[in-house]
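[1] starting from these lines, generate the structure:
(chains A and B)
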Amino acid sequence: MANLLYSAAAIIALLAMLLTLIRLLKGPTIADRVVSLDVMTIISLSLIVYIAALAERIIYFDVALVYGLISFLGIVAMARYLERGL
Amino acid sequence: MEILGAAITILGSIFLLLGALGVLRMPDVYNRMQAGTKATTLGTLLFLSGIAIGHSACACIDKTIILILFIIFTNPISSHALARAAHHIGIPLTDKTVRDELAEDTDEKKELLG
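    Okay, here's the model as predicted:
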C-alpha cells in the first residue's frame, strides 16, 4: 500500500516535470527558460531522493545535495550574466 | 508510519504539480517565477520529509534535514537574483500589473545621479 502511494507521488512529480519541460521549450524570453530549468532541477532533486530511499543507498543523498548546490550556482551565475554580462 | 510518510509525500508531489502548472499557465516571467519558486519549495519540503518519515529504517533523517535547510535557504536567493536580472534587462510585465516599485526606485536613483 505504502509503496503504491510512493510510486503515485513519483509519477505526479514526473508529470510536473513534463509541464515545466513544455514551458522550457515554449518560453518566449530567456528568463522563462531559466525559471523553468530551476523548477525542473528542484523536482528532479526530489526524485533523486526518492530513488535513494527506494534503492536504500545513502550515497545518493550526497548526489542530491551536490546537484542542488551546482544548480543554485548555475542559476545565480545565469542571473549575473543576464544583468551585466560576464 | 509508512502510510503517514506516503501521504505527506503525495501532498508534496501535488504541490510540485501545482507549481509546474503555474509555471506553464501564468502570464509573465515574474508571476511564473513566484508560482514556480514558492510552490516547489513547499512541495520539495513535504516530499523529502515524507520520504524520511516513511523510510525510518535507512537512517537518512540527518541528510534529509540538511537538504531541506539547503533548499529553504538557496531557493529564494536564486529566484530573487533571477527576478532582478529579468527586470534589469527589461522583460515587460503583464498588462494587468498595477504597480512597479522597482522601476520607480531606479528612476529616482537615476534622477539623483543626474
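[2] in chain B, where's the longest helix?
    helix B:61-88 (DSSP state H).
[3] identify the residues contacting residue B:12.
    A:9, A:46, B:42, B:43, B:44, B:45, B:46, B:47, B:48, B:49, B:50 (C-beta atoms under 8 Å, 6 or more residues apart in numbering or on different chains). Bear in mind the C-beta positions are built from the backbone N, C-alpha and C, glycine included.
[4] make that residue B:39, sorry
    Residue B:39 is in contact with B:15, B:16, B:18, B:19, B:22, counting by C-beta under 8 Å, 6+ apart.
[5] does the fourth one touch residue B:43 like I think?
    To tie it back to what came earlier, the one meant is residue B:19. Yes. Counting by C-beta atoms under 8 Å, residue B:19 does reach residue B:43; the two are 6.0 Å apart.
[6] CSV for the contacts of residue B:39, including pLDDT?
    Shown next, in CSV, are the contacts of residue B:39 (pLDDT from 0 to 100):
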residue, pLDDT
B:15, 93
B:16, 93
B:18, 93
B:19, 92
B:22, 91
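[7] and which of those residues is nearest chain A?
    residue B:16 (4.5 Å; C-beta to the nearest C-beta).
[8] local confidence estimate at residue B:114?
    For residue B:114, the model assigns a pLDDT of 64.
[9] distance of the one residue sitting closest to the centre of chain A from residue B:99?
    With distances taken as C-alpha atoms, centre = their mean, residue A:41 lies nearest the centre of chain A, 1.7 Å away. Remark: distance between residue A:41 and residue B:99 (C-beta to C-beta, to the nearest Å) = 31 Å.
[10] packing partners for whichever strand or helix holds residue A:82?
    Secondary structure from DSSP states H and E places residue A:82 in helix A:59-84. The contact analysis (3 or more C-beta pairs under 8 Å, 6 or more residues apart in numbering or on different chains; DSSP states H and E) places helix A:59-84 against helix A:30-55, helix B:61-88.
[11] and the shortest one, which residues are buried?
    Spelled out, it's helix A:30-55. A:30-50, A:52-54 (16 or more other C-beta atoms under 10 Å in any protein chain shown).
[12] who are the contact partners of residue B:102?
    B:84, B:87.
[13] go again with 7 Å.
    The contact partners of residue B:102, taken as C-beta atoms under 7 Å, 6 or more residues apart in numbering or on different chains, are residue B:87.
[14] give me the element it is part of.
    Assessed by DSSP H and E, residue B:102 sits inside helix B:101-113.
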